[in-house]
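Pasting the sequence and the predicted model now:
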Amino acid sequence: MKIAVFSLFVASAAAFSQDASRRDALAGIAAAGAALVPSIANAAAGESPRFSVFGLIGDGTSYSEGAAYGTDQSSPVYSPYSVYSEAGPNSLYKPGDDEYVKRKKAVLAETAKRIDKLPAYVAKSKWFEVTDELSRYMYETRGAIRYLAKDKKQKAAAEDFFKAIEKIGGGARYKKADECTAGIAEAKSTLDAFVKTL
């Protein structure tokens, strides 16, 4: 019995010493790795360290918070806290560009298709489908119309369309089929009137 306990003690002591030596070896490897990392990150021989305080004091070419408040940009920035320059002739986005007008007109074409679906929903008293159709895709419609409406006539036609859409939504929420149907007819005619002004 004593011999078994002694041999168990010796085995556990040997295992402990192996764990300790493994820990020491891993610690040595980690220390060596840590010692190498700063030497890689350091500047080249003969160079003094670079520093910058918010890009205003010190070396303006070093990385700093706030992109050096625009001092490292090729053109004046929108604000001291922005990396983007003021909108101008060289901007990628140009309001009223053919590409964007085409997209907005495509939204209006899809809106007309969505309005044509509404009478079938009203006939079957599917009120949720009506309100869902108004908010699902036609959420984009208001933005597209506001983008395209430039003069007073277009803006007035846009307001008429918005009122018709609100009439449809109100009728669907209160389950009034007549009000919904009247709103759908107004929405179709006012959207057509708006599209003709473009």
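Yes, it's here. Numbering: from 1, shown residues only.

what about the helices in the chain?
Remark: helices assigned in the chain by DSSP state H are 2-41, 98-123, 127-136, 139-148, 152-173, 177-196.

mind listing what Val130 touches?
Neighbour list for Val130: Leu118, Tyr121, Val122, Ile168, Gly169, Ala172, Cys180 [criterion: Cβ atoms under 8 Å, 6 or more residues apart in numbering]. Any C-beta I mention is one placed from the backbone N, CA and C, and that applies to glycine too.

The fourth one reaches Lys188, doesn't it?
Translated: Ile168. No. If you go by Cβ atoms under 8 Å, Ile168 and Lys188 don't touch, sitting 10.6 Å apart.

Who has more neighbours out of the two?
Comparing Ile168 with Lys188 by other Cβ atoms under 10 Å, the one with more neighbours is Ile168, at 26 against 17.

that older thread, so which of the contacts of Val130 comes closest to Arg142?
Gly169 (12.3 Å; Cβ to Cβ).

per-residue confidence at the closest residue to the closest one other than its chain neighbours?
Spatial nearest neighbour of Gly169, excluding adjacent residues (Cβ to Cβ, 6 or more residues apart in numbering): Leu134 at 5.5 Å. The confidence metric pLDDT takes the value 91 at Leu134.

quick one, what contacts Leu134?
Shown in contact with Leu134 (Cβ under 8 Å, 6+ apart): Ile165, Ile168, Gly169, Ala172.

Could you give the number of residues near the nearest residue to the first one once chain neighbours are set aside?
Excluding the flanking residues, the one nearest Ile165 by Cβ to Cβ, 6+ apart is Ala187, at 5.7 Å. One way to gauge burial is a neighbour count; for Ala187, by other Cβ under 10 Å, it gives 27.

how's this structure carved up into domains?
Annotated domains of the chain cover 1-43, 51-92, 98-196 [automatic domain parsing].

Kindly format the C-alpha coordinates of stretch 74-91 as PDB.
Provided in PDB are the C-alpha atoms of stretch 74-91 (Å, rounded to 0.1, in the frame of the first residue of the first chain):
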ATOM      1  CA  SER A  74      -6.100  67.300 -51.900                       C
ATOM      2  CA  SER A  75      -9.200  69.500 -51.800                       C
ATOM      3  CA  PRO A  76     -11.100  71.300 -49.100                       C
ATOM      4  CA  VAL A  77     -13.300  69.000 -47.000                       C
ATOM      5  CA  TYR A  78     -17.000  69.300 -46.200                       C
ATOM      6  CA  SER A  79     -16.200  69.800 -42.500                       C
ATOM      7  CA  PRO A  80     -13.100  69.400 -40.300                       C
ATOM      8  CA  TYR A  81     -14.400  66.000 -39.200                       C
ATOM      9  CA  SER A  82     -15.100  64.600 -42.700                       C
ATOM     10  CA  VAL A  83     -12.900  63.000 -45.200                       C
ATOM     11  CA  TYR A  84     -15.200  64.000 -48.000                       C
ATOM     12  CA  SER A  85     -14.900  67.200 -50.000                       C
ATOM     13  CA  GLU A  86     -17.600  69.700 -50.800                       C
ATOM     14  CA  ALA A  87     -20.100  68.700 -53.600                       C
ATOM     15  CA  GLY A  88     -19.000  70.100 -56.900                       C
ATOM     16  CA  PRO A  89     -18.500  69.400 -60.600                       C
ATOM     17  CA  ASN A  90     -16.100  66.600 -59.900                       C
ATOM     18  CA  SER A  91     -18.500  64.800 -57.500                       C
END
